[in-house]
Structure formats: structure tokens, C-alpha cells
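In: predicted model and sequence follow; I will ask about them next.
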Amino acid sequence: MEVISDPLGWQEAMEAARRRGQQVGLVPTMGSLHAGHLSLVRRARADCDLVAVTNYVNPLQFGAGEDLEAYPRDLEADATMAASVGADVMFAPSVEEMWPVAPGTTVHVAGISDVLEGECRPGHLDGVATIVAKLLSLAGQCRAYFGEKDFQQLVVIRRMARDLSLPVCIVGCPIVRTTDGLALSSRNAYLSSDELDAAPSLYWSLLAGKRAIEDRGETDPAIVAKEMESELGRQPHFSLEYAAVVDPETLEVPVRAEAPVRLLIAARLGRARLIDNLAAAPPGASE
């Protein structure tokens, strides 16, 4: 697998693939690859002729006091893992190569970037939208694969790509979990063994909300969110930031959960801030 660090060289590699008649599949990552990332590479490999992975820890999406310096980095290991499941080329630029001059442009998707993660991590989703817009611009026409674990991020990227008429098909892929339900995340590496034992409680809280909607027919989003909060409260190691029931496209809280919704939760556990989500549909509504 070829590793490219120069943005112009990367752009030319993508254009050369299309000139050969190849469909490009793009998997943007911040490195520290795990089985969730590899599932995206496998999906791209199944769909596309050339599979391209990006590996860039984006400073724009880290706020003051967040874990930019501590974020795990191992390019050699990432390249080996990506190649093992079919990646053809990896783009791994330095910050200086990506931004020779500090960017004067910020991409902000109004509304859906201002709630939930937008409130807890101001500027984070703007940083995500800005770097993804640049990566998609460099890659050109392609299918781009993102995991549903960062669900709000996926919604923001879809809206951005649509609003800017980017020649990209955004493909959302299912969350990959451990056998006890914990969503895979690079930040799970921050958890101690005791915290890893406690971490699946985040998923169990989502399941409590899902049961309230699907088994009991509860349609009040506030009651469902309270169910999630109460379930997580059984695990004292967590500090809840939010539990919410939202429309999966607008991220607005519906008056009643009478159509398919997305359950979202975020909490801190030790050094780690964990997020997760789950689809739910009331009886008679298809997800």
C-alpha cells in the first residue's frame, strides 16, 4: 500500500484512478485504527475499485484542554492494518503539509452543529466540517465512508456535502461493538480495566430507551431520555453530559416519538469522553 503525505500528490493519485475508470472509495480517519475503521475499509473494498484511507489528526476539531497531544498515533501500525483489509493508498499529511498557512475559512453547518456535541464541545463540529470539506475537495468524485458511531458528525457531513454540491456519495456504516456492546473508539484506549468493565453501561442505557419506545410504546422524548439517564445512573463511574431522543435527519427533539428516532448519549468515564447512539422506532413505524 502506498502512503502519500503531499496533498497535491494525493489529489493527482485520486484523479489518476478516475482516469483509469476506477471508482474511488474514501475512508477518512484520524488514525489509531481499530476494527470499526477496518469495517469501513472492507465496505469500501466491496463497493469500489480503489480504496483510499486518510490518516490525519485534525487540530481544528480539538478544543482548549482536549486531548490533541495525547491522541494516539502510530502511522506504521495503521498502514499495516489498513493494507491487511484491502486499502490501496493512504494519505497521511503533517499539519504543515495540510495547512501551509493557517486556514482563514471555517465551515459551519447551522442548526445541526449547534446542539448536543455543538453545545458540549463548541467549535468541534466546525473543525470536523472544515477538514472533511478539504479532504473531499482533494479526493474529488468518490464514495466516502463514515461510521454511525459519530452520528451527529455524519448528519453534519451529509448536509455539508449536499449544500456545497460536492461530487461525493456519503455512506454511513453500522457501529462495530464489542461482545458486551461497547462501541469501538480510539478513545477507549484511555480506559483502565475497571473502566472498560463499566463502559458498556453506555450502550445498556440506550437499550433502556429503545425498550421504552419499542416495547412499551412510550412516545414522550423526555420520558425516554429519563429512562436512559436513570439506567446510566446505576453506574456511578459515569458523568452524564446528555441523553436525547432526536429526529435522525434534523437532530431536533420531536414533540412525540411517533416516527423512527435516534437515541444519543454522551458521558465521561475517567479520562475518556464517550458517545454512542442507537436507532429506535415505535410500534408500527419502520426504522
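Out: Structure's in. What do you need? Because the structure is predicted, anything quoted here is derived from the model rather than measured.
In: buried residues, whichever strand or helix holds L206. List them.
Out: Assigned by DSSP states H and E, L206 belongs to helix 201-214. If you call a residue buried by 16 or more other Cβ atoms under 10 Å, then helix 201-214 has these buried ones: 201-210, 212-213. Glycine gets a C-beta too; all of them are placed from N, C-alpha and C.
In: just the helices in the stretch 151-287 of the chain please.
Out: Assigned by DSSP state H, counting those that start in this stretch, the stretch 151-287 of the chain shows helices spanning 151-163, 193-198, 201-214, 221-232.
In: any low-confidence regions in the stretch 151-287 of the chain?
Out: For the stretch 151-287 of the chain, the stretches flagged by pLDDT under 70 are 286-287.
In: what do you get if the cut-off is 90, keeping everything else the same?
Out: Counting by pLDDT under 90, the stretch 151-287 of the chain contains low-confidence residues at 284-287.
In: between the buried residues of helix 201-214, which is nearest R162?
Out: Among the buried residues of helix 201-214, L206 lies closest to R162 (Cβ to Cβ), at 27.6 Å.
In: go ahead and confirm the closest one touches D276.
Out: Yes - under the contact definition of Cβ atoms under 8 Å, L206 touches D276, with a separation of 6.0 Å.
In: shared neighbours, those two?
Out: Common neighbours of L206 and D276 are listed as I265 (criterion: Cβ atoms under 8 Å, 6 or more residues apart in numbering).
In: can you list the domain ranges for the protein.
Out: For the chain, automatic domain parsing gives the domain ranges 2-173, 186-277.
In: indicate which one of the ones you listed is closest to A285.
Out: Closest of these to A285 is domain 186-277, at 5.4 Å (criterion: Cβ to Cβ).
In: and D163, how many neighbours?
Out: By the measure other Cβ atoms under 10 Å, the count of residues near D163 is 11.
In: the one 10 residues further on now?
Out: By the measure other Cβ under 10 Å, the count of residues near C173 is 18.
In: if it is in a bridge, with which residues?
Out: Assessed by DSSP bridges, C173 has beta-bridge partners G147.
In: so where do the strands sit in the stretch 1-150 of the chain?
Out: Assigned by DSSP state E, counting those that start in this stretch, the stretch 1-150 of the chain shows strands spanning 2-4, 24-29, 50-55, 89-91, 142-147.
In: show me what the fourth one pairs with in its sheet, parallel or antiparallel.
Out: Right, strand 89-91. Using DSSP bridges, the strands paired with strand 89-91 are strand 2-4 (parallel), strand 50-55 (parallel).
In: save those strands as CSV, and put in mean neighbour count too.
Out: Converted to CSV, these look like this (neighbours: other Cβ atoms under 10 Å):
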stretch, mean neighbour count
strand 2-4, 16
strand 50-55, 26
